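**Student:** Pasting a predicted model and its sequence here:
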Amino acid sequence: MAQASPAPNPSAAGAHQGVIHQLRNVSFSYDDGGVLAVDNLSLNFVGGESVAIVGPSGCGKSTLLALLAGFANPTAGEIVHTPAPAGRHPMTMVFQNETLLPWLNVVDNIKLFFRYNKGAESKSTIEARVRDLIALAGLGGFERFYPHQLSGGMRKRVAFLTSVAPLPRTLLLDEPFSSLDEPTRVGLHEDVLKIVRQYNMTMVLVTHDIAEAVTLADRVVILTKRPAQIADERVISVSKEEPVLEMRRDPVFLEVYADLWDSLARQIEPAGVRAPSPEVAK
Ligand SMILES: Nc1ncnc2c1ncn2[C@@H]1O[C@H](COP(=O)(O)OP(=O)(O)O)[C@@H](O)[C@H]1O
Ligand SMILES: [Mg+2]
């Protein structure tokens with residue numbers, strides 16, 4: 001069952017539940033202050049939770065993820081990370097664009113991280129994990145295939161596994177499935193839920209797809225139009241044990257979907273975009 005309730009003060013709640021990443025009054029501007037992308041934003045991420053970040057196009061979602069990843073530094077405020085536990089890579093990212101190396105097969109793409117981090121783990125541990133991941137993502141039999149021999153959904157699966165293989169504590173995803181057709185995307189959602197749970201990862205997902213946010217996240221943060229600030233936040237309790245299609249047929253899922261859409265639509269004014277009927281979420 002899906003349930004949504006306003007999160008009255010999730011940042012304070014998180015403080016008692018193992019906050020691992022903390023954005024404190026973070027601002028960021030491009031072009032020497034010409035384009036303010038993020039404005040005085042504070043947000044906590046608790047270990048083990050999955051958070052979806054949605055917001056209008058161009059509002060600063062990718063910028064926020066880049067700041068969290070350390071690809072850019074805040075122009076004001078600070079970002080604090082607790083140290084990752086031994087044996088866990090602090091963070092990896094799944095990008096929207098194609099990131100597989102065309103001259104490497106499936107297995108070698110998934111193991112790419114370890115080529116550049118020799119000795120990070122024993123060869124047998126890596127081999128065993130890659131085998132498990134391939135099985136979990138239903139890619140058995142395609143180990144020696146090259147990217148051009150795979151479907152779009154399979155390539156996305158492999159790209160996802162390349163980011164999971166280093167065993168990150170936190171997995172960042174920037175609209176990773178937006179190019180896929182709906183049935184393929186739902187299949188990917190099943191894999192993400194399985195793998196994130198199995199390897200106990202924290203997930204921060206940027207998406208424009210509200211159904212994807214409700215399916216994958218425990219909490220959805222809605223951003224304002226640029227410069228990004230937090231407009232709204234919802235805690236979502238969905239049984240991630242159910243198959244995704246079952247979850248999406250749940251009337252409460254559809255209610256949550258419409259509620260989040262209304263909230264997002266308020267940020268996409270002045271056109272006054274109306275939430276589509278909940279049936280769209282099916
Ligand atoms: N490298 C850059 N240089 C200048 N402006 C940028 C750059 N990257 C993004 N921006 C601007 O910052 C704003 C936020 O961008 P972005 O974080 O990519 O938005 P989103 O991911 O929400 O679509 C946009 O107005 C965008 O044009
Ligand atoms: Mg973006």
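**Tutor:** Great, that's in hand. Ligands and ions are numbered 1, 2, ... in the order given.
**Student:** any idea where the strands of the stretch 101-250 of the chain begin and end?
**Tutor:** 168-174, 202-206, 219-223, 230-237 (DSSP state E, counting those that start in this stretch).
**Student:** Adding mean pLDDT and distance to D259, write those out as TSV.
**Tutor:** For every residue, glycine as well, the C-beta is placed using N, CA and C. Listed next are the strands of the stretch 101-250 of the chain as TSV, based on pLDDT from 0 to 100; distance: least, CB to CB, whole Å:
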stretch	mean pLDDT	distance to D259
strand 168-174	97	23
strand 202-206	98	19
strand 219-223	96	10
strand 230-237	92	7
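**Student:** which parts of the stretch 101-250 of the chain sit against ligand 1?
**Tutor:** Residues of the stretch 101-250 of the chain that fall close to ligand 1, judged by CB under 6 Å from any ligand atom: R226.
**Student:** Which part of the stretch 101-250 of the chain gets nearest to ligand 1, residue-wise?
**Tutor:** R226 (5.2 Å; CB to the nearest ligand atom).
**Student:** Return the residues in contact with that residue.
**Tutor:** R226 is in contact with 35-37, 56, 58-60, counting by CB atoms under 8 Å, 6 or more residues apart in numbering.
**Student:** okay, and for this protein, where does confidence drop off?
**Tutor:** For the chain, the stretches with pLDDT under 70 are 1-17, 270-282.
**Student:** From the centroid of it, which residue is nearest?
**Tutor:** L205 (2.0 Å; CA atoms, centre = their mean).
**Student:** That one reaches S50, doesn't it?
**Tutor:** Yes: using CB atoms under 8 Å, L205 is in contact with S50, at 6.9 Å.
**Student:** intersection of neighbour lists for these two?
**Tutor:** Common neighbours of L205 and S50 (CB under 8 Å, 6+ apart) are 216-217.
**Student:** Leaving out chain neighbours, which residue sits closest to S27?
**Tutor:** A76 (4.1 Å; CB to CB, 6 or more residues apart in numbering).
**Student:** Can you give me the distance of that neighbour to ligand 1?
**Tutor:** Per CB to the nearest ligand atom, to the nearest Å, A76 is found 16 Å from ligand 1.
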